[in-house]
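Novice: Dropping a prediction and its sequence here:
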Amino acid sequence: MRRFLLSLTLGLLLGALAGVAIGWLNPPPAARNSRLSDLAQPHRDDYTIMIAAGYAHDGDLAGALERLQLLEINELTSYLRAITERIINSGSRELDDIRMLARLTAELGGATPAMLPFLAGGSS
Amino acid sequence: MPAPATFSNWLFALGLVIGIALGLAFTRLSGPLQRDNAEPWQLQPEQSNHYRVAVALEHAHSGDLTAAMEKLISLRTATDPLDALAESACQLGSSGYLASPSGIQALRIVAQFYIAQGRAGCAEQLLPPVATPKPAAREDDSIRSIAHSTPVPTKPPLETVAQPTRLAPPVQPAQRRFEAISLRSFCAADRPAVIEVSVVDYLGRGLPGQQIRARWGAQEDFFISGLKGDRGLAYADFQMSADTDYTLDMPNVAEPVGQSLRTGLCYEGNRESLKSYRVVFAER
């Protein structure tokens, strides 16, 4: 009996430790339980640009802010400034995307010198 | 004579397998979820509804049907992406989304999108009728009403045909009027010399995107509600300087607050700080 308990207990303990370690170091990707704030950066950028495009279309700043709040960001102006400058520097998006982002950022008082060339022509 | 075996490899292996299974199950149930790496298809149903609204808004601006369809498809719905869009609009329209002018405007754009693609949903029945332009409306309102009066196609258009909607000028929500209904000073060591403003509608709900103006001497500065997510949609704040009198208003929509605001020494318990203010602008 002692032999049975010792072997099984030792196996369970070591197995549980290994299982927790494996599970903790390799967490599963969230599956259909994610929030917009959990989106990977490229998709969060996509969402932000879509909102900026909506603002360029309807001029509804309150609506744009309500939608951006779903990203659960505390400082929206800083967030928009950062994303706009990152995209300007990386050149990873269309010119129109940058213009729309710059316009929304400027509307919230977050324009920086880097955005000025994109604000001059307005959003098409 | 050999000593009696005190260990069973067989049982140890069994325990190991059960232990690993239990350990993995534990981390799957209560372990760390991977954050900041989700794909659009992994969004919760309610969150994917908002994502679809964003797709429709972008399509309204760009007219790029291919890009919009790609984004809708990326949500990997079991049904047709456009039917899913109509269903999302229906769910949002039935859940209080239409309580704000912004929600109405957004759902109208969503409905226009899927109707133009030959789909139907319940949102178009939930939407209030389009308001007749007022006589004093801006000049470009007439162009907008033309854009909105485009008849619904009687058959689905070809999927490759994009209908640019850029010609439609920005649609400004109806002008609201506000009134400062509350002005209180407070003293908080962690919030010195701050004007905290809340902008609410006539039901007391926070209104983001409202511009507030602080003026002092010949200078002025603007700040906007809803930019600090952790403080709610109504919140905006402004940092005061010492020995300065500030006047607060909302340009064109609210008269200045009755008195000028000036910071000064104050005490919270035995902690010294600078006086701050809380102002509430409410829709009237």
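Specialist: All right, it came through fine.
Novice: Okay, buried residues for the longest helix seen in chain B please.
Specialist: Assignment by DSSP state H gives helix B:9-30 as the longest helix of chain B. Applying a neighbour-count criterion of 16 or more other CB atoms under 10 Å in any protein chain shown, one finds B:11-12, B:14-16, B:18-20, B:23-24, B:27 buried in helix B:9-30. Using the backbone N, CA and C atoms, a C-beta is placed for each residue, glycine as well.
Novice: ok, now stretch A:105-119?
Specialist: Residues of stretch A:105-119 classed as buried by neighbour count (16+ other CB under 10 Å): A:105-108, A:110-111, A:115, A:118.
Novice: Now narrow those residues to whatever sits close to chain B.
Specialist: The subset of the buried residues of stretch A:105-119 within reach of chain B, by CB under 8 Å from any CB of the partner chain, is residue A:108.
Novice: Going by distance to residue B:282, which of the buried residues of stretch A:105-119 wins?
Specialist: residue A:108 (22.5 Å; CB to CB).
Novice: Once you drop chain neighbours, what's closest to the residue nearest the centre of chain A?
Specialist: Centroid-nearest residue in chain A, with CA atoms, centre = their mean: residue A:44, separated by 3.9 Å. Excluding the flanking residues, the one nearest residue A:44 by CB to CB, 6 or more residues apart in numbering or on different chains is residue A:71, at 6.5 Å.
Novice: what sits against that neighbour?
Specialist: When contacts are counted by CB atoms under 8 Å, 6 or more residues apart in numbering or on different chains, residue A:71 touches A:36-37, A:44, A:47-48, A:79, B:229.
Novice: With residue A:98 instead?
Specialist: Shown in contact with residue A:98 (CB under 8 Å, 6+ apart): A:84, A:87-88, A:118.
Novice: what about the closest residue to it other than its chain neighbours, is that helix, strand or coil?
Specialist: Leaving aside its sequence neighbours, residue A:98 sits nearest to residue A:118 (CB to CB, 6+ apart; 5.1 Å). When classified by DSSP: H, G, I helix; E, B strand; the rest coil, residue A:118 comes out as helix.
Novice: do you know how far residue A:118 is from residue A:103?
Specialist: 8 Å (CB to CB, to the nearest Å).
Novice: got it, and residue B:18?
Specialist: 60 Å.
Novice: Check the offset of the host helix or strand of residue B:84 from the chain's centre.
Specialist: Taking DSSP states H and E as the criterion, residue B:84 maps to helix B:81-93. Here the centre of mass of C-alpha atoms in helix B:81-93, compared against the chain's by CA atoms, centre = their mean, to the nearest Å, lies 18 Å away.
Novice: Ok, stretch B:251-267 next?
Specialist: Here the centre of stretch B:251-267 is set off from its chain's centre by 28 Å, with CA atoms, centre = their mean.
Novice: What is the neighbour count of residue A:92?
Specialist: The local packing of residue A:92 (other CB atoms under 10 Å in any protein chain shown) involves 12 other residues.
Novice: Can you pull the phi/psi pair for it?
Specialist: Backbone torsions of residue A:92, given as degrees, to the nearest 10, read phi -90, psi 0.
Novice: quick one: pLDDT of it?
Specialist: Residue A:92 carries a pLDDT score of 85 in this model.
Novice: how far away is it from residue A:99?
Specialist: Where residue A:99 is concerned, residue A:92 sits at a distance of 15 Å (CB to CB).
Novice: Could you list the low-pLDDT ranges of chain A?
Specialist: For chain A, applying pLDDT under 70 flags the ranges A:27-31, A:121-124.
Novice: So what touches whichever strand or helix holds residue A:62?
Specialist: Using DSSP H and E, residue A:62 maps to helix A:61-69. The contact list for helix A:61-69, computed with CB under 8 Å, 6+ apart, reads A:48, A:51-52, A:54-55, A:76, A:79-80, A:104, A:107, B:50, B:53-54, B:100-103, B:105-106, B:173, B:207-210, B:224, B:226-227, B:229, B:233.
Novice: from the residues you listed, which ones fall inside helices?
Specialist: Using DSSP H, the members of these that fall in helices are A:48, A:51-52, A:54-55, A:76, A:79-80, A:104, A:107, B:50, B:53-54, B:101-103, B:105-106.
Novice: Please check those and keep the buried ones.
Specialist: A:48, A:51-52, A:54-55, A:76, A:79-80, A:104, A:107, B:50, B:53-54, B:101-103, B:105-106.
Novice: got the angle between the lengthiest helix in chain A and helix B:9-30?
Specialist: Looking across chain A with DSSP H, the single longest helix is helix A:2-25. Interaxial angle of helix A:2-25 relative to helix B:9-30 (axes from the mean of the first three to the mean of the last three CA atoms, to 10 degrees): 30 degrees.
Novice: Tell me where the stretch 51-200 of chain B has strands.
Specialist: B:178-186, B:194-200 (DSSP state E, counting those that start in this stretch).
Novice: just checking, what packs against the shortest one?
Specialist: Going back to what we said before, that points to strand B:194-200. Here strand B:194-200 touches strand B:211-216, strand B:235-239, strand B:276-283, going by 3 or more CB pairs under 8 Å, 6 or more residues apart in numbering or on different chains; DSSP states H and E.
Novice: Export those as a markdown table, with columns for distance to residue B:68, mean neighbour count and mean pLDDT.
Specialist: Shown next, in a markdown table, are the helices and strands packed on strand B:194-200 (distance: least, CB to CB, whole Å; neighbours: other CB atoms under 10 Å in any protein chain shown; pLDDT from 0 to 100):
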| stretch | distance to residue B:68 | mean neighbour count | mean pLDDT |
| --- | --- | --- | --- |
| strand B:211-216 | 31 | 19 | 93 |
| strand B:235-239 | 33 | 19 | 93 |
| strand B:276-283 | 34 | 20 | 94 |
